[in-house]
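output the structure for:
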Amino acid sequence: MTSFSLPEFAKLSPRIARTMRELSQMEHYYEAHSAELLQGDWGAVAAISSGIHNVYNGIEDILLSIAKDIDDYVPTGSSAHQDILDQMASEIAGTRPALLSSELYDALLEIKGFRHLVRHRYGFDLKPDRIVANLERIRFALPAFIDAVTQLEKAMSKDGNPRGQN
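Okay, the predicted model is just below:
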């Protein structure tokens with residue numbers, strides 16, 4: 001489990017562990033059923049798509065927690081899913097550096113769009129090649145995201161003040 005020293009980050013450890021477990025389970029399923037996925041088998045399409053959806057939700061849950069506990073602002077409304085990515089890709093002077101690099105932001109943006117399809121189109125538009133592309137993105141994004149959160153906590157710890165306030 002990822003270990004943190006600042007209270008704002010400590011509660012993220014079980015969330016990170018759950019999200020990593022989801023990715024691991026999806027990887028095991030994909031190893032056994034990749035041929036079915038590529039053939040468009042409904043069960044494999046649904047399982048892998050749902051797994052990608054769940055991993056992204058885990059990442060977004062952590063982003064929302066950071067927004068609440070560090071930024072003191074959680075986006076709401078119809079654009080909240082986009083707004084949280086934009087907020088976390090931006091530095092907040094006196095509070096925290098940007099959490100998301102441009103490469104990680106772009107990957108999460110693509111996965112967010114895919115998650116929207118999974119959630120609202122009931123699988124009708126889920127093409128095997130698009131699922132595999134998003135599986136590759138999530139394989140990159142989750143470890144990069146965990147590293148970014150770890151680096152953020154280190155940067156905030158160095159300042160000696162988790163909120164960057166004097």
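
tell me where the protein has strands.
With DSSP state E as the criterion, the chain has no strands.

give me the helix or strand of the protein that scores worst on average pLDDT.
Least confident helix or strand, the chain: helix 7-10 with a mean of 92, by mean pLDDT, DSSP states H and E.

correct me, but residue 13 touches residue 7?
No - using Cβ atoms under 8 Å, residue 13 is not in contact with residue 7; the gap is 11.7 Å. Heads up, the C-betas are built off the backbone N, CA and C, glycines and all.

and the helices in the protein?
For the chain, applying DSSP state H gives helices covering 7-10, 12-38, 42-66, 80-88, 102-121, 128-158.

closest one to residue 73 among those?
Distance to residue 73, taken as Cβ to Cβ, is lowest for helix 80-88 among the helices of the chain, at 7.4 Å.

residues contacting the spatially most central residue of the chain?
With distances taken as Cα atoms, centre = their mean, residue 59 lies nearest the centre of the chain, 2.6 Å away. Residue 59 makes contact with 19, 108, 141-142, 145, according to Cβ atoms under 8 Å, 6 or more residues apart in numbering.

apply 6 Å and report the result again.
Residues near residue 59 by Cβ atoms under 6 Å, 6 or more residues apart in numbering: residue 145.
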